[in-house]
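>>> Structure for this input, please:
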Amino acid sequence: MAALWKLPIVFVEQNNLWAIAMSHLRATSDPQIYKKGPAFGMPGIHVDGMDVLKVREMAQTAIARARSGEGPTLVECETYRFRGHSLAGPDEELRDPAEKAHYAARDPITALKKYLIDNNLASEADLEAIDKKIEEVVEDAVEFADESPHPPRSQLLENVFADPKGFGIGPDGRYRCEDRKFTEGTAQV
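Have a look, this model is predicted:
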């Protein structure tokens with residue numbers, strides 16, 4: 001529909017090369033996701049997701065295409081997930097240390113910092129101040145979350161469905177999750 005109606009959309013697919021605990025190369029018949037774009041009537045573009053400036057350049061191109069009325073673009077940003085899918089995942093057993101080292105050497109944050117300093121766009125002190133500010137913002141957010149009360153069950157389905165009637169809202173107009181029997185036979189909410 002997006003291509004048919006030439007909607008101004010940029011679909012960004014972050015390919016981190018792993019599908020939970022399986023290599024992307026083993027999980028799909030064609031690992032080049034961007035090639036699926038033409039099947040849906042839109043161009044597919046591959047970009048090195050480890051290069052912040054290349055991603056920015058590709059985004060500018062895709063956004064300009066969308067804004068000019070040419071329709072959607074599928075952009076595959078090939079990057080790397082440095083950690084397992086979750087803390088419980090068996091990451092160390094699954095990934096080759098050489099693979100991890102290869103991508104660690106291409107860390108996009110480190111590369112962008114180097115670019116900014118080498119091109120006199122920022123100093124080491126500027127970047128350290130930014131890092132410090134980010135740490136403060138994150139710490140404040142965690143503190144706020146920890147000190148906030150849990151939301152009421154009545155908010156469970158808010159902003160989940162455009163029109164939750166028939167799913168989350170019963171005939172009486174109340175959220176079904178407010179009925180204690182709503183979750184019988186499922187995980188406890």
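
>>> for this protein, what spans make up the helices?
Secondary structure of the chain by DSSP state H: the helices cover 24-27, 52-67, 91-94, 97-104, 108-118, 124-147.

>>> most neighbours per residue, which of these?
Mean neighbours per residue, mean count of other CB atoms under 10 Å, is largest over the helices of the chain for helix 52-67, with a mean of 15. C-beta here means a position set from N, CA and C on the backbone, and glycine is covered the same way.

>>> So what touches that one?
Contacts with helix 52-67, where a contact means CB atoms under 8 Å, 6 or more residues apart in numbering, come from 7-10, 12, 43, 45, 47-49, 71-73, 75, 77, 108, 111-112, 115.

>>> Buried only: go through the residues you listed for me.
Buried members of the contacts of helix 52-67, counted by 16 or more other CB atoms under 10 Å: 8-10, 12, 43, 45, 47, 49, 71-73, 75, 77, 108, 112.

>>> farthest-separated two in those?
Farthest-apart pair in the buried ones among the contacts of helix 52-67 is 71 and 112; separation 30.7 Å (CB to CB).

>>> before we move on, the earlier item: weakest of the helices of the chain by average pLDDT?
Comparing mean pLDDT across those, the weakest is helix 91-94, with a mean of 70.

>>> quick one on the thing from earlier: could the helices of the chain go into JSON lines alongside distance to residue 153?
Formatted as JSON lines, the helices of the chain follow (distance: least, CB to CB, whole Å):
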{"stretch": "helix 24-27", "distance to residue 153": "37"}
{"stretch": "helix 52-67", "distance to residue 153": "40"}
{"stretch": "helix 91-94", "distance to residue 153": "35"}
{"stretch": "helix 97-104", "distance to residue 153": "42"}
{"stretch": "helix 108-118", "distance to residue 153": "40"}
{"stretch": "helix 124-147", "distance to residue 153": "18"}
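
>>> Residue 1 is nearest to which of those helices?
When the helices of the chain are compared by CB to CB, helix 52-67 sits nearest residue 1, at 14.8 Å.

>>> and the direction of that closest one versus that of helix 108-118, what angle?
Orientation check (axes from the mean of the first three to the mean of the last three CA atoms, to 10 degrees): helix 52-67 against helix 108-118 gives 100 degrees.

>>> Of all the helices of the chain, which one comes closest to residue 34?
If you check each of the helices of the chain against residue 34 by CB to CB, helix 52-67 wins as the nearest, at 10.5 Å.
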